[in-house]
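# Based on what follows, work out the 3D shape:
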Amino acid sequence: MVRVLSKKDLIDFMYGAAVYGTGGGGSVRMAKVRMEEALKEGLEFKLVDPAEIPDDAIVACPYGVGGGVREEIRRRFASLPRLPRKKVVSLGVDALEKFLGKEIYAFVPGELGAGNSFVAMYMAALTGRLAVDGDTVGRSVPEVGHSTFNICEVPITPFVVVSPFGDVMIVTRVLNDSRAEDIDRFMAVASGGGVTVIDHPVEGRKLRESIVCGTVSKSIEVGRSIREAKEAGGSPLEAVLESTGGYLLFTGAIESVEREGREGFIWGKTRIRGSGDYSGHVMEVWFKNENLVSWLDGEPYVTCPDLITLLDPATADALSNWGEDLRKGREVAVIGIKAPDLWRTPRGLEILTPRYFGFDFEYRPIEEIMEGR
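The predicted model follows:
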């Protein structure tokens, strides 16, 4: 059964998905802008259960690739004419469908985050297609290869890359997902910081076993719980913890934020001085676009693939590693959420753990850490 999402559903989705965005995944603000544009045009957002997708139907994965570039690079492209988003989308869809010789039935989000998941939903609305109730990570991640498609060996090719200026590139063969990442990132940097990608065209029969199902509906549920807690005068933070099955890891004030844009990513570390029950303690959270590794009083704590998200303790709004969300003196609550089971497999633990990012310690499941706290 196809579910038509209301405006309230969409807004609940954004705030819920932002929690799973772990500091990245695109912004609620930009998702709202796209939503308003689409609704003003009378477009519908239709959500389909993966179980109901025909076995031979083609589903593709659209998303934005971008991150930090130096200001001089950004200025270099400022004068180039940019296409409307609708034109960028149609260029990519038309190019991939022409190459495949088959229509794309639906779009699946490439990760779970307020803005980046909404890209797939927005593209589905623009083109009259369906959005899949699921995504290929169950959280937001920095690299293309951090995907359940990679775990399940779904080929990334053919894929299309479209710049905001209308450049279109189809990649028919690539060594591996890491090489695809390099190509996407270099195109993003060469385009002032961002491009649109549509990859992993896959049949419905394979899709169902290689994504995290139900995450769009789950995000709507989480966002609804936040909204209803605010309306009832309750605790939005407690609502998030209950609806996600998450853990409160830390509360305190931001002491410092280190941030650097390079190689198409934002790299950095947030240092938090504890308050309340956590007075006298310090938590540090390292991010590469998304929050990935944490330390408590200098000792490794919760890490990827499990989720680490900084929230406003009063509103439960998820805080972004971009912009002014993270600033010295701001009070924050840090929560952790168990990663989807696919990330606990041997292959998953090869590609999204501290050692992958160069840290010399092993991943420990969040529930084990919390039991011993």
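
# In the chain, which strand is the longest?
strand 247-262 (DSSP state E).

# need the helix or strand of this protein with the lowest average pLDDT.
Within the chain, no helix or strand scores below helix 71-76, which has a mean of 78 by mean pLDDT, DSSP states H and E.

# Can you give the distance from the longest strand of the chain to the centre of its chain?
19 Å (C-alpha atoms, centre = their mean, to the nearest Å).

# mind listing what the helix or strand that it is followed by pairs with, with the direction of each?
Next along the chain after strand 247-262, taking DSSP states H and E as the criterion, comes strand 265-274. Paired with strand 265-274 in the same sheet, following DSSP bridges, are strand 247-262 (antiparallel), strand 282-288 (antiparallel).

# Please produce CSV containing these, extended by mean neighbour count, distance to residue 202 and mean pLDDT.
Placement of C-beta: from N, CA and C, glycine included. Listed next are these as CSV, based on neighbours: other C-beta atoms under 10 Å; distance: least, C-beta to C-beta, whole Å; pLDDT from 0 to 100:
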stretch, mean neighbour count, distance to residue 202, mean pLDDT
strand 247-262, 17, 32, 95
strand 282-288, 22, 27, 98
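
# Ok, which of those strands comes nearest residue 105?
strand 282-288 (33.3 Å; C-beta to C-beta).

# hmm, who's touching the closest one?
Strand 282-288 is contacted from outside by 23-24, 142, 249-250, 252, 255, 265-274, 291-298, 301, 308, 310, 321, 334, 357, using C-beta atoms under 8 Å, 6 or more residues apart in numbering.

# who does residue 169 bridge with?
Applying DSSP bridges, one finds that residue 169 bridges with residue 161.

# Among the contacts of strand 282-288, name the buried ones.
23-24, 142, 249-250, 252, 265-274, 291-296, 301, 308, 310, 321, 334 (16 or more other C-beta atoms under 10 Å).

# Identify each buried residue in the host helix or strand of residue 336, please.
Residue 336 is part of strand 331-337 when elements are defined by DSSP H and E. For strand 331-337, burial by neighbour count (16+ other C-beta under 10 Å) applies to 332-337.

# Now do that strand against strand 247-262, angle only.
100 degrees (axes from the mean of the first three to the mean of the last three C-alpha atoms, to 10 degrees).

# for strand 331-337, packing partners?
Judged by 3 or more C-beta pairs under 8 Å, 6 or more residues apart in numbering; DSSP states H and E, the packing partners of strand 331-337 are helix 7-20, helix 236-244, strand 247-262, strand 307-311, helix 366-371.

# Which strands or helices does the helix or strand that that strand is followed by pack on?
Counting by DSSP H and E, the next helix or strand C-terminal to strand 331-337 is helix 348-351. The helices and strands touching helix 348-351, judged by 3+ C-beta pairs under 8 Å, 6+ apart, are helix 148-151.

# Next, find the distance separating the spatially closest residue to residue 81 that is not a sequence neighbour from residue 245.
Counting by C-beta to C-beta, 6 or more residues apart in numbering, residue 165 is the residue found nearest to residue 81 once chain neighbours are left out, at 6.8 Å. To residue 245, residue 165 is 44 Å away according to C-beta to C-beta, to the nearest Å.

# just residue 187 next, same as before
38 Å.

# need the buried residues of strand 331-337 in TSV with pLDDT and distance to residue 8, can you?
Formatted as TSV, the buried residues of strand 331-337 follow (pLDDT from 0 to 100; distance: C-beta to C-beta, whole Å):
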residue	pLDDT	distance to residue 8
332	98	27
333	98	25
334	98	29
335	98	24
336	98	28
337	98	24
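
# Closest to residue 157 out of those?
Nearest to residue 157 among the buried residues of strand 331-337, with distances taken as C-beta to C-beta, is residue 337, at 31.8 Å.

# So what sits opposite residue 287 in the bridge?
Counting by DSSP bridges, the residues bridging with residue 287 are residue 268, residue 291.

# Use 28 as the first number for this chain going forward.
Let's use 28 as the start, then, which means that last one is residue 314.

# Can you classify the residue nearest to residue 108 as helix, strand or coil?
Under DSSP: H, G, I helix; E, B strand; the rest coil, the three-state class of residue 192 is coil.

# my guess is it meets residue 111, correct?
No: the criterion here is C-beta atoms under 8 Å, and residue 192 misses it with residue 111 at 11.9 Å.

# Tell me which of these two has more neighbours.
The neighbour count for residue 192 versus residue 111, taken as other C-beta atoms under 10 Å, is higher for residue 192 (14 against 10).

# Show the contacting residues for the more buried one.
104, 107-110, 218.

# Please spell out the ChimeraX selection for the buried subset of these.
To isolate the buried members of those in ChimeraX, using 16+ other C-beta under 10 Å:
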select :104,110,218
